[in-house]
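Undergrad: The sequence and its predicted three-dimensional model are supplied below.
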Amino acid sequence: MAVVGDLALMGTKISPNKLISKLEKRVFGVPVSSSQRFSFSHARNLEVIKKSRIAVKAVMQVGLEKIQSSSELKSLKEEYLGFDVVTERELKENGFLGLRKTKLVCTIGPACCSLDELEKLALAGMNVARLNMCHNSREWHQDVIRKIKMLNQEKGYSVSVMIDTEGNQIQVVDHGSSSSVKAEEDSIWYFTTEKFEGSRPFTIQANYEGFSEGVNPGDEIVIDGGMATFEVTERVGNDLRCKCVDPGLLLPRAKLSFWRDDKLLGRDCDLPTLSPKDWSDIVFGISEDIDFIAVSFVKDADAIKHLKAYLATKSSKAIKVLAKIESVESLRRLEEIVEASDGIMIARGDLGVEIPLEQIPSVQDDITYVCRQLNKPVIVASQLLESMVEFPTPTRAEVADVSEAVRQYADALMLSGESAIGSYGMKALSVLRTTSTRMEQSCREENRQTLLHQRKLGVSLPDQIAEQICNCAVEMADNLGVDAIFVYTRHGKMASLLSRNRPNPPIFAFTNDNSTRMALNLQWGVTPLLTDLSDDMEANVKKTVELIKAKGMIKADDAILVVSDIIPISTAQTIFQSIQVMTIA
Ligand SMILES: Nc1ncnc2c1ncn2[C@@H]1O[C@H](COP(=O)(O)OP(=O)(O)O)[C@@H](O)[C@H]1O
Ligand SMILES: C=C(OP(=O)(O)O)C(=O)O
Ligand SMILES: [K+]
Ligand SMILES: [Mg+2]
């Protein structure tokens, strides 16, 4: 119990449990989570403790006796401004305009799961860590999540955690070997649902009994969107005998699609979007205090609505639900899915199995457009820098693909195998960072955001006002060339409406809700900051400006545009929604 040891040195005598319960009551005002308890009691030295969260900071600065005076506690809490170490450093080095707008998601796998590697990714700009529940054990995932939480709490990072469900993927086959197998032209292969150990020559195991339903001789099986193609020559019960008509490679867990007369065969299966394993992973995720759930193979809005309703009853914090667009069905129902979810992932890996590859760029364009219209963050995922799984530099085409996603104003870019199993994960992350920063600069110079035409979203009058204020605020901010936009937001709505307009200056979103802060990590151009907010808007502005000024981040003559809509808790008070421009004295 190192913290307690240090406190003892400072002359305070208190047991760890008493200390934590005092912190709970007096500092956080909410129960301390088990991982916070863990980091308090395992913080090794004073420096670490000083960098960690407000509670410990408070204890170290004034000692426990003084904390008992509530006015001091109050002022300490008010002085706290939740900058994460990476943003603070970036700001000091590059100034307001140098802050990267495009957010970065990294898939965590065996190549980057040590505390050290995770910290390196965090330092290099990872905003969200993604855990793909298709792979590895529950214990492994728990260990990674706890390490990330520990880095956030002890070392001042702010990395959100996303789990990605396995889903009911009916179209996966395996040839039993851990490496790839070549399929030669005219070779005869057998696709079976029979379960057996190891591999049999020319035999491929399908993961789902009904995989061949509705498939006839003459139909084609396309592997991984074109790695190899087979023609079905005969049905044998549920199994299929096939001839290779386009030779190529079969990878482990290859994905397949069925085609007839150059059209994809619809695979109407009645399996639910969320399998029993997915539900158990979700329960696990809630207990580990994760921030996002990405739902694989979404078919319509129902599964998303169902999950959101479930989360509302099971979790006190607002876990955000992202729908992965990776099937033809999800494309058909794009708008209703976007509307129902808290964000979208364009999962180009599986999408490329279901639609011809040449359609992916325009589909990506359509999805990012719909997401911005409906004000939902969007992640562009899969194969952004695929060659970097093996090689230390990307191809020119990959850099062009990343740049195009940034030019489309996607909120976030995602690494998959590049970070999870690749030898050059850190380098891949740095390519994303430098490429997006460069393209963001060109977009500012071209002033591309003026081309955006926003659909009206608000229904109630306060919502309409909020939306109009944010649209106008961004226009003003760009025309005036202000240095930063400040927004005060409890649930992140105003911050996202500002982000939707893709302003030139960075958006600092002050919130008193940690789940809002972690959710905003996915939103383009937003730097979320956790701080205490009161109903007194003037006081909030004054306090945050003073604090940022004290950190040397703003200086005299800097101009700041301030947007607020703190709806007072008491309904008797007037709703206060405003734009102000202030020049720092
Ligand atoms: N938690 C993990 N444990 C082991 N390997 C993983 C893990 N996450 C991802 N990988 C590896 O990284 C590759 C790329 O990740 P991803 O794109 O998320 O999965 P997939 O290829 O299954 O769609 C996977 O094929 C898998 O080999
Ligand atoms: C991101 C994707 O999903 P997964 O990696 O889970 O297949 C994808 O298909 O592109
Ligand atoms: K998945
Ligand atoms: Mg997928």
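TA: Arrived safely. Ligands and ions are numbered 1, 2, ... in the order given.
Undergrad: okay, now the domains of this protein?
TA: Listed domain ranges for the chain are 100-166+270-444, 169-262, 459-582 (source: the TED database).
Undergrad: and residue 91, which of those is closest to it?
TA: For the domains of the chain, proximity to residue 91 was assessed by Cβ to Cβ; domain 459-582 is nearest, at 5.5 Å. The C-beta positions use only the backbone N, C-alpha and C, and glycine is treated the same way.
Undergrad: tell me how far the ends of that closest one are from each other?
TA: Taking Cα to Cα, to the nearest Å, domain 459-582 runs 31 Å from one end to the other.
Undergrad: will you turn the domains of the chain into a markdown table that also has mean pLDDT, distance to residue 92 and mean neighbour count?
TA: Below are these laid out as a markdown table (pLDDT from 0 to 100; distance: least, Cβ to Cβ, whole Å; neighbours: other Cβ atoms under 10 Å):
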| stretch | mean pLDDT | distance to residue 92 | mean neighbour count |
| --- | --- | --- | --- |
| domain 100-166+270-444 | 96 | 14 | 20 |
| domain 169-262 | 89 | 45 | 16 |
| domain 459-582 | 88 | 7 | 19 |
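Undergrad: would TSV of those with distance to ligand 1 be doable?
TA: Formatted as TSV, the domains of the chain follow (distance: least, Cβ to the nearest ligand atom, whole Å):
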stretch	distance to ligand 1
domain 100-166+270-444	3
domain 169-262	6
domain 459-582	17
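Undergrad: quick one: which of these is nearest ligand 2?
TA: Across these, ligand 2 has its closest neighbour in domain 100-166+270-444 (2.8 Å, Cβ to the nearest ligand atom).
Undergrad: Quick one: distance of that closest one to the chain centre.
TA: Relative to the centre of its chain, domain 100-166+270-444 is centred 5 Å away, using Cα atoms, centre = their mean, to the nearest Å.
Undergrad: on that earlier part again, dump the domains of the chain into TSV; add distance to ligand 3 as well.
TA: Below are the domains of the chain laid out as TSV (distance: least, Cβ to the ion, whole Å):
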stretch	distance to ligand 3
domain 100-166+270-444	4
domain 169-262	8
domain 459-582	17
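Undergrad: Using the three-state scheme, assign residue 350.
TA: Under DSSP: H, G, I helix; E, B strand; the rest coil, residue 350 falls in the helix class.
Undergrad: Please name whichever of the domains of the chain is nearest to residue 453.
TA: Residue 453 sits nearest to domain 100-166+270-444 of all these, at 8.8 Å, using Cβ to Cβ.
Undergrad: Just the endpoints, please. Distance across that closest one?
TA: 12 Å.
Undergrad: Quick check: the closest residue to ligand 4 within the stretch 151-300 of the chain vs residue 344, distance?
TA: Here the residue of the stretch 151-300 of the chain nearest ligand 4 is residue 296; by Cβ to the ion that distance is 5.7 Å. Relative to residue 344, residue 296 is positioned 13 Å away (Cβ to Cβ, to the nearest Å).
Undergrad: which neighbours do those two share?
TA: Here residue 296 and residue 344 have residue 324 as joint contacts, going by Cβ atoms under 8 Å, 6 or more residues apart in numbering.
Undergrad: on that earlier part again, based on its surroundings, how many neighbours for the nearest residue to the residue of the stretch 151-300 of the chain closest to ligand 4 once chain neighbours are set aside?
TA: With sequence-adjacent residues excluded and distances taken as Cβ to Cβ, 6 or more residues apart in numbering, residue 296 is closest to residue 167, at 3.1 Å. Residues lying near residue 167 (other Cβ atoms under 10 Å) number 25.
Undergrad: Touching, residue 167 and residue 271? I think so.
TA: No: Residue 167 is not in contact with residue 271 according to Cβ atoms under 8 Å; the separation is 9.1 Å.
Undergrad: and the stretch 251-400 of the chain, which residues reach ligand 2?
TA: Counting by Cβ under 6 Å from any ligand atom, the stretch 251-400 of the chain comes close to ligand 2 at 296, 326, 347-350, 381-382.
Undergrad: which two from those residues end up farthest apart in space?
TA: 296 and 348 (13.3 Å).
Undergrad: Which residues are in contact with each of these two?
TA: Common neighbours of residue 296 and residue 348, counting by Cβ under 8 Å, 6+ apart, are residue 326.
Undergrad: Pull the residues that contact the lengthiest helix in the chain.
TA: Counting by DSSP state H, the longest helix found in the chain is helix 425-446. Residues outside helix 425-446 that contact it (Cβ under 8 Å, 6+ apart) are 97-98, 100-102, 104, 106, 111-112, 117, 120-121, 124-126, 384-385, 388, 392-394, 399, 402-403, 406-407, 409, 413, 415, 418-419, 422, 449, 502, 504.
Undergrad: Many thanks, we can stop here.
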